[in-house]
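In: sequence isn't available, so here's the structure alone:
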Ligand code: ASP
C-alpha cells in the first residue's frame, strides 16, 4: 500500500508539472479536432508504460487502433502485473482466463472472453474484429480460433500467481474488493496486501483525429469458473463512436454491465456533457441504484471526446489514469471520486 501511495504521490508531482506545462489545460481546452493532436490515456499507474508504447505508434503518425493494441500489450506481458494477461491471478479453480476487447471509430469491434493459454488476448480480439463476421468469441471456441490464427498455446499461470492462489485456497473466501486507497485487503483473503482486480482500458486519438479503444484484463482474481466481466462486453467495458468519443471502465465489472457503463458515458457526451461530466454521471447512476453496496465497491470510468478532451471519475479514491501527448509522455493523474 505504502509503495503504491508513494508512487502515486511522486507521479502526481509530475502531473502538476504536466499541468503547468499546459498539458492538463490542453486536456480540457481544445475544441478544434485538427489542432488537438494525438493523445492517449489509460487506466491505473501501469497505464504510464502502456501509453509510451502507444505513443511510439502515434508519434509516427500511426493509427489510433494500432496504438491502443500496442499499448495494452505492455501490461499483458508484465509478469509483475497480476490483473492483466500473463501472470494474471487465476479463477477459483486455478485457470487463468482472460477478457479483452478492441473498438475502432467506425463501430468495428472484436472481443474474447474467458480465453485461456493465449498471452495477448487483445491481438485475438482484433483478429475477431478483422477476420470474422462476429464480435465476441468465448472459452474453448476463442482458443480454437486463436490457434487457427497461429497464436501459441502457453501456460500463463506463473509460479508466483500459483503460490498466491494456493494461499487464497487456505480460506477460499471470495469477496471482490474495491481498488482504492481505502480498500480493506483483509476481507479479500489476498496475500501480500494487494487488490485482486484491475484492468487496462486505453483510449487514443491520432494525428488525423481518429479514435480507438482497447481493454484487457484477467478479471477478478479467484472468480467463479466461466465468470466474464465488463471488459470484453462492448458498451460495458469499452465503447467508441468516432463522431462523439470513447470510454472505458475498471472496477467491479458486474456493476458496469448492469448500467451499460461505457455506452452510457459516450451517449452522455453525445448529449453535450464533457468527458468529466459524463464519467461523473455514469458513476452516480451506479451509486444511486445501490447506495449501500457502493460504499464497498470501486468502479472508475475514463473518457475522451472526439476533440481529445479527457475526463475520469470513480466511486472510491485511488483511481489513477495516465495521459500521454506531445507535451508529456508520462503524466499520471488522480481521478476525482464520490467518497
Ligand atoms: N473490470 C474488471 C472485471 O470486472 C476488473 C477490474 O477492472 O478491476 O473483470
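Out: Received, thanks. For clarity, every value in this text was computed on a predicted model and none was experimentally measured. Residues are numbered from 1 along each chain as shown.
In: and the helix or strand hosting residue 170, what does it pack onto?
Out: Taking DSSP states H and E as the definition, residue 170 sits inside helix 159-171. Using 3 or more C-beta pairs under 8 Å, 6 or more residues apart in numbering; DSSP states H and E as the contact definition, helix 159-171 packs against no other helix or strand. (Glycine included, C-beta is placed from N, CA and C.)
In: give me the residue ranges of the stretch 51-200 of the chain where confidence is low.
Out: By pLDDT under 70, the low-scoring segments of the stretch 51-200 of the chain are 174-196.
In: thinking again about what came up before, flag every buried residue along the helix holding residue 170.
Out: If you call a residue buried by 16 or more other C-beta atoms under 10 Å, then helix 159-171 has these buried ones: 161, 164, 165, 168.
In: same check on stretch 211-221?
Out: By neighbour count on 16+ other C-beta under 10 Å, the buried set for stretch 211-221 is 211, 212, 213, 214, 215, 216, 217, 218, 219, 220, 221.
In: for stretch 311-318, same thing?
Out: For stretch 311-318, burial by neighbour count (16+ other C-beta under 10 Å) applies to 311, 312, 313, 314, 315, 316, 317, 318.
In: what sits up against the helix or strand that contains the first one?
Out: In this case it means residue 311. Per DSSP H and E: residue 311 is located in strand 310-314. With contacts defined as C-beta atoms under 8 Å, 6 or more residues apart in numbering, strand 310-314 is touched by 27-28, 39, 41, 180, 251, 274-280, 282-283, 298-304, 319, 321, 323, 333, 335-338.
In: and these, which are buried?
Out: In those, burial by neighbour count holds for 27, 39, 41, 180, 251, 274-280, 282-283, 298-304, 319, 321, 323, 333, 335, 337-338, counting by 16+ other C-beta under 10 Å.
In: near the ligand, which residues of the protein show up?
Out: Selection of the chain residues close to the ligand by C-beta under 6 Å from any ligand atom yields 179, 197-199, 217, 219-220, 229-231, 250-253.
In: could I get the residues you listed as a markdown table with distance to residue 118 and secondary structure?
Out: Rendered in a markdown table, the data for those read as follows (distance: C-beta to C-beta, whole Å; DSSP: H, G, I helix; E, B strand; the rest coil):
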| residue | distance to residue 118 | secondary structure |
| --- | --- | --- |
| 179 | 25 | coil |
| 197 | 20 | coil |
| 198 | 20 | coil |
| 199 | 17 | coil |
| 217 | 14 | strand |
| 219 | 15 | coil |
| 220 | 19 | coil |
| 229 | 17 | coil |
| 230 | 20 | coil |
| 231 | 15 | coil |
| 250 | 22 | strand |
| 251 | 24 | strand |
| 252 | 25 | coil |
| 253 | 20 | helix |
